[in-house]
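*Asks:* Sequence and predicted structure, then a few things I'm wondering about:
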Amino acid sequence: MKKSYVYFMTNKNNTVIYTGVTSNLLKRTYQHKNKVYKGFTSRFNVDKLVYYEEFEDIGLAISREKQLKAGNRKRKEQLILGMNPNWIDLAEGWLFNEH
């Protein structure tokens, strides 16, 4: 079964947190980094993957994305700090080596 992901990306100063959902985290991260699609993430230079959750079912991932988007920034920051306290770009490290 294909995995799905909910993820947060930010810019170099961590001032914007973008929440997304995808079935291919590596490809989607690449698209953000290379500004493949014009929109929010390209306009605000959102290109650093700082958090993600993995799901076995796309429906669950979409539900979780909606829940996170309805929440506030503080809650998102708490999730990021739990996984990635230094807000490093996970796409530059172990994530690409595992998948």
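*Replies:* Arrived safely, thanks for sending.
*Asks:* any idea how far Phe40 is from the nearest residue to Asn84 once chain neighbours are set aside?
*Replies:* Among residues not flanking Asn84 along the chain, Val50 sits closest, at 5.3 Å (CB to CB, 6 or more residues apart in numbering). All C-beta spots, glycine's among them, are computed from the backbone N, C-alpha and C. Between Val50 and Phe40 the computed distance is 16 Å (CB to CB, to the nearest Å).
*Asks:* which residues touch the helix ranked longest in the chain?
*Replies:* Longest helix in the chain, counting residues (DSSP state H): helix 58-70. Residues external to helix 58-70 that are found in contact with it (CB atoms under 8 Å, 6 or more residues apart in numbering): 2, 4-6, 8, 19-21, 23, 53, 55, 75-76, 79.
*Asks:* Please apply the same query to stretch 23-42.
*Replies:* Stretch 23-42 is contacted by residues 2-5, 7, 9, 18, 20, 22, 46-47, 49, 52, 58, 91, 95-96, 99 when judged by CB under 8 Å, 6+ apart.
*Asks:* that older thread, on contacts alone, who are the packing partners of the helix or strand hosting the residue nearest to Asn84?
*Replies:* Assigned by DSSP states H and E, Val50 belongs to strand 48-55. For strand 48-55, the contact count by 3 or more CB pairs under 8 Å, 6 or more residues apart in numbering; DSSP states H and E identifies strand 4-10, helix 25-33, helix 58-70, helix 73-83 as packing neighbours.
*Asks:* Need the mean per-residue confidence for the third one.
*Replies:* In this model, helix 58-70 carries a mean pLDDT of 97.
*Asks:* how close does Tyr37 sit to Arg43?
*Replies:* Separation of Tyr37 from Arg43 (CB to CB): 11 Å.
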